[in-house]
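> could you look at this predicted model? Sequence included:
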Amino acid sequence: MNLAMTMDIDSAALLPLMWLASPALPVGGFSYSEGLEPAVEAGRVRDEASAADWLADQLQLGPARAELGLIAQAVEAWRQQDWPTLLRLDQWVRSTRETAELRLQSEQMGRSLIEWLKSLQRPDFSLQQLPPALQAPTYPLAYALALAVQLPAGQPPAHGLYAYAFGWAENMVQAAIKSVPLGQSAGQRILQRLCAEIPAAISLALRQREDERQAFSPMLAILSARHETQYSRLFRS
């Protein structure tokens, strides 16, 4: 990949993107494992190699086929105040969360990100400007709104996808460190692998049409359903 192309970004946008990718962002992402903890319980993830394979597969089968492309579309829709498109995308997210805990995760993190935006007290953002049905969007829609607010007007939304994907990867690696468990060095090697795969995931997401997106991951849905009644657990999902 051409490094000059990947770095073609306004320096004014770098800090907002780093901020949105930060694990310190108060949205509660650290409290979710997205099926990883029940995968450990079931013996499907048991060491560094299996954890790296699991998360790499999840990146390509999950965010790459669903959230990433949706976020890019939603950024433009927020900028244009295209309420019908945003309502349709938000409903798609809700209807494709296959278990109660996955849906609750998306709804809780979405609410928390909206509260974070409100706390910044930006003159260009007011919750009252949004239709009531979009004042508590799911997390991908809320993230797209944060990108639309935080990034300079001409900045391509694709750059924000790197922040989203890295934030997801870092949270999932931390979940693996705690639940497998793994050491910090193993976690960094897994994160290195995920970082190497993120550009391809984003490229796939941006090539897809809206009607090509999917969230069909049956094993993840089965494990998430089991996790809701798992005897002992560290994470909310």
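It's in. Because the structure is predicted, anything quoted here is derived from the model rather than measured. Numbers count the residues shown, from 1 in each chain.
> any idea how far V40 is from the spatially closest residue to A52 that is not a sequence neighbour?
Using C-beta to C-beta, 6 or more residues apart in numbering and skipping the chain neighbours, the partner closest in space to A52 is I190 (4.5 Å). C-beta here means a position set from N, CA and C on the backbone, and glycine is covered the same way. Counting by C-beta to C-beta, to the nearest Å, the gap from I190 to V40 is 14 Å.
> how about low-confidence regions in the chain?
Applying pLDDT under 70 to the chain flags residues 1-10, 236-237.
> in it, which helix is the longest?
helix 184-207 (DSSP state H).
> got a list of contacts for that one?
Helix 184-207 is touched from outside by 1, 6, 48, 51-52, 55-56, 59-60, 63-65, 68-69, 72, 158, 161-162, 165-166, 169-170, 172-174, 176-177, 182, with contacts defined as C-beta atoms under 8 Å, 6 or more residues apart in numbering.
> do that again at 7 Å, thanks
Residues from elsewhere that reach helix 184-207 (C-beta atoms under 7 Å, 6 or more residues apart in numbering): 1, 48, 51-52, 55-56, 59-60, 63-64, 68-69, 72, 158, 161-162, 165-166, 169-170, 173, 176-177.
> list the ones among these that fall in helices.
Applying DSSP H to the contacts of helix 184-207, the entries found in helices are 48, 51-52, 55-56, 59-60, 68-69, 72, 158, 161-162, 165-166, 169-170, 173, 176-177.
> and the residues you listed, which of them are buried?
The neighbour-count criterion (16 or more other C-beta atoms under 10 Å) marks 48, 51-52, 55-56, 59, 68-69, 72, 158, 161-162, 165-166, 169-170, 173, 176-177 among these as buried.
> for Q81, which residues are in contact?
Contacts were defined as C-beta under 7 Å, 6+ apart; by that measure Q81 touches no other residue.
> numbering from 42 from now on, please.
Noted, 42 is the first residue going forward, which turns the last one into Q122.
> where does F257 sit: helix, strand or coil?
Following DSSP: H, G, I helix; E, B strand; the rest coil, F257 is assigned to coil.
> check G195 too.
The three-state assignment at G195 reads coil, by three-state DSSP.
> and it, how close does it get to A53?
Distance check for G195 against A53: by C-beta to C-beta, it reads 11 Å.
> Q215 too?
Distance, Q215 to A53, using C-beta to C-beta: 29 Å.
> quick one: end-to-end distance for stretch 113-129.
Between the opening and closing residues of stretch 113-129 there is a gap of 14 Å (C-alpha to C-alpha, to the nearest Å).
> now that stretch: buried residues?
The neighbour-count check on stretch 113-129 (16+ other C-beta under 10 Å) flags A113, Q114, A115, V116, A118, W119, R120, T126, L127, L128 as buried.
> of the residues you listed, closest to S136?
When the buried residues of stretch 113-129 are compared for distance to S136, the smallest value, 12.4 Å, is given by L128; criterion: C-beta to C-beta.
> got a list of what the closest one touches?
The neighbours of L128, taking C-beta under 7 Å, 6+ apart as the test, are A174, L175.
> find the helix or strand that it is a member of.
Counting by DSSP states H and E, the element that carries L128 is helix 124-137.
> which helices and strands does the next helix-or-strand element following that helix pack with?
Scanning forward in sequence from helix 124-137, with DSSP H and E defining helices and strands, the next element found is helix 141-160. Where contact means 3 or more C-beta pairs under 7 Å, 6 or more residues apart in numbering; DSSP states H and E, helix 141-160 is packed against helix 180-191, helix 259-268.
> and stretch 154-173, end to end?
The straight-line separation of the ends of stretch 154-173 (C-alpha to C-alpha) is 16 Å.
> for it, which residues meet the burial criterion?
If you call a residue buried by 16+ other C-beta under 10 Å, then stretch 154-173 has these buried ones: L154, I155, W157, L158, F166, L171.
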